[in-house]
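**Q** Here's a sequence, model it:
(one chain, ligands or ions: 1)
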Amino acid sequence: MTEPAVGLDAIEIWTGKCKLDLANTFAPARDEDPEKYTKGLGLRASSFPDTYEDIVTMGANAAKRLMDREGLTPADIGRIDVATESAFDNSKPVSTYVAGCLEQVYEGDFRHANKGERKFACVSGTQSIDDAYNWIRAGRNRGRAALVIATDTALYARGDPGEATQGAGAVAMLVDVDPSIVTLSTEQGIGSMDETDFLKPNQQFPSVDGKRSVQVYLSRMREALEDYESVAGRVGVEDFVFAPFHTPFPGMVRKAAVLAYRHVTRGTEIEDALEPEIGRQPREDDFDGRESFETNMRDYVDALSGTERYRTWYGETVEPTLGIAREVGNWYTGSVHIARVSALLAALENDRNIGGETLLVGSYGSGAQAEIHAETVREGWREGVAAADPFDRLAERHSLSFAEYEHIHDAHNHEVETEIEAFTEPNGEFIHAGWGRMNERKYEYVE
Ligand code: HMG
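**A** Residues are numbered from 1 along each chain as shown. Okay, here's the model as predicted:
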């Protein structure tokens, strides 16, 4: 019996409604060169939630937009999984709050939908898709689809080096059989180790060893790629049209991409073709010690990143995945999913026919685990992706002054009591409207 094709049938993006301009507002206030952010990290702006927004409103608003567009009712959804690392409740999952919001505006309810919350830093968005995929492939879905929502308010303590990489937003995804946008490969690779580089032990803002987190990202991604190759066969640079990766900031992906390119071109005709220009890749056996091997490898990778061949590949395969991230910062669990949308939107804009082509998707979560799988673009991708285009809404965000940024950061800090006015007017969306008798958050739909 042929297994049904399962994957993403629809996607919607909800951005926090405020933005912080990193070059023009953040850099001067921090007395930093704006190019550290625009060139070094590769970011122009961060998204922030307005005072009435949080992970529930952003997730529910993305989900409502998706359900309206697809003409769905609660009866069509058999599962709601929320991936987040910004949860405010250690028992009641965010998916129950989201379902409660949606039940305010739709006929019917989610009484027979399985709900949960997934945690493994940023990789849990992909893990939730995995859970939905497995649920459908196991035949337990009774013809219903799964709603997966990746939602985060990625805030760092003020003054932390991670502050420039903050962001807030949600991605809602419908996982179903015979999907319109992409199907997922059965093959997947994992690189996973107990690491202490970024964690939130019952605290809102992360403790981060930023430089180490970069190294851990690169190591786990390499292991995940090797693991993926062990089941799917060797990966070649021409095998996939785009490589959407977890993007805490675009500069991170720039580092990962050149290492991945080196890995997959080793021993291939591309390595041969580049030899006259930059030599062959160093082989460890040719060196007396690990240190001299690593120095030579660093020099090779530097030279590789300057070659025309690599730069063309990067420009076509990786750069298009970074378009949304540059404008919004790190959305943690949603980050790799906006990278996928960015790439598909770029293909749409350039009128490329990528139906049937492959994406190589690299997800990552601190603590730490990387996951790599392939996706096949479906013939119906154009319509679904055009509808998810967030750029008009990104342009409408309220641009925060530095003082306003400090207020909004305080407003979302669980330890700080603030009373500030919202910067934007809610319109046709769920808002956080106060607190209930057991300290639960209350939500309302504003017409
Ligand atoms: P930093 O110390 O502020 O920045 O921290 P830097 O001094 O390392 O500079 C950043 C880059 O800008 C460097 O580029 C500089 O050279 C360059 P690189 O050498 O690395 O290629 N630069 C400039 N470029 C042009 N003009 C200039 C200029 N000045 C500097 N004038 C750090 C950077 C990443 C450590 C910090 O932002 C941080 O701690 N971020 C948070 C942690 C993080 O994002 N880690 C990424 C990997 S872990 C991950 O992705 C998981 C995560 O999403 C969480 C989860 O899974 O839940 C974070």
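
**Q** Which part of the stretch 201-350 of the chain gets nearest to the ligand, residue-wise?
**A** Among the residues of the stretch 201-350 of the chain, G210 lies closest to the ligand, at 2.3 Å counting by CB to the nearest ligand atom. For glycine as for every other residue, the C-beta is placed from the backbone atoms N, C-alpha and C.

**Q** wait, what's in contact with that residue?
**A** 161-162 (CB atoms under 8 Å, 6 or more residues apart in numbering).

**Q** Per-residue confidence at it, what does it come out as?
**A** We have a pLDDT of 96 for G210.

**Q** Repeat that for Y261.
**A** So Y261 comes in at 98 (pLDDT).

**Q** Around the closest residue to the ligand within the stretch 301-447 of the chain, count how many other residues there are.
**A** Going by CB to the nearest ligand atom, the ligand is nearest to S366 of the stretch 301-447 of the chain, at 3.7 Å. Counted with other CB atoms under 10 Å, residues neighbouring S366 total 26.

**Q** Then E291?
**A** For E291, the neighbour count with other CB under 10 Å is 9.

**Q** Return the set of buried residues in the helix or strand hosting it.
**A** Element membership of E291, judged by DSSP states H and E, is helix 290-305. Of the residues in helix 290-305, those with enough neighbours to count as buried (16 or more other CB atoms under 10 Å) are 293, 296-297, 300-301, 304-305.

**Q** Which residues in stretch 250-258 does the neighbour count mark as buried?
**A** Buried residues in stretch 250-258 (16+ other CB under 10 Å): 250-258.

**Q** Can you pull out the low-pLDDT segments for this structure?
**A** Scanning the chain for pLDDT under 70 picks out 1.

**Q** and the residue nearest the centre of it, what is it in contact with?
**A** With distances taken as CA atoms, centre = their mean, S335 lies nearest the centre of the chain, 1.4 Å away. When contacts are counted by CB under 8 Å, 6+ apart, S335 is found next to 122, 125, 246-248, 325.

**Q** go on, E107?
**A** For E107, the contacting residues are 73-74, by CB under 8 Å, 6+ apart.

**Q** Check whether it sits in a helix, strand or coil.
**A** Using DSSP: H, G, I helix; E, B strand; the rest coil, the structure places E107 in coil.

**Q** Also the one 5 residues further on?
**A** Applying three-state DSSP to H112 yields a three-state assignment of coil.

**Q** Pull the number of nearby residues for it.
**A** Using other CB under 10 Å as the criterion, H112 is surrounded by 11 other residues.

**Q** which one is it nearest to, not counting chain neighbours?
**A** With CB to CB, 6 or more residues apart in numbering as the criterion, H112 has its nearest non-adjacent residue at 7.4 Å, and that residue is G78.

**Q** Check A23 too.
**A** If you skip the residues right next to it in sequence, A23 has P34 as its closest partner in space, 3.6 Å away by CB to CB, 6+ apart.

**Q** again, but for A374
**A** Nearest in space to A374, with sequence neighbours left out and distances taken as CB to CB, 6+ apart, is S185 at 4.0 Å.

**Q** Need the phi and psi values for the one you found.
**A** When quoted as degrees, to the nearest 10, the phi and psi of S185 stand at phi -70, psi 150.

**Q** what sits against it?
**A** Neighbouring residues of S185 by CB under 8 Å, 6+ apart: 232, 373-376.

**Q** so how far is the longest helix anywhere in the chain off the chain centroid?
**A** Here the longest helix in the chain is taken by residue count, with DSSP state H as the criterion, and it is helix 210-232. Counting by CA atoms, centre = their mean, to the nearest Å, helix 210-232 is centred 16 Å from the centre of its parent chain.

**Q** Over to stretch 160-180?
**A** 4 Å.

**Q** Now do the helices in the stretch 51-200 of the chain.
**A** Listed in chain order, the helices found in the stretch 51-200 of the chain under DSSP state H, counting those that start in this stretch are 55-70, 94-105, 124-137.

**Q** any idea how far the ligand is from Y37?
**A** Summarising the geometry, the distance separating Y37 from the ligand, computed by CB to the nearest ligand atom, to the nearest Å, is 8 Å.

**Q** count of neighbours near the closest residue to that residue other than its chain neighbours?
**A** Closest residue to Y37 apart from its sequence neighbours, by CB to CB, 6+ apart: L22 at 4.0 Å. By other CB under 10 Å, the residues close to L22 number 25.
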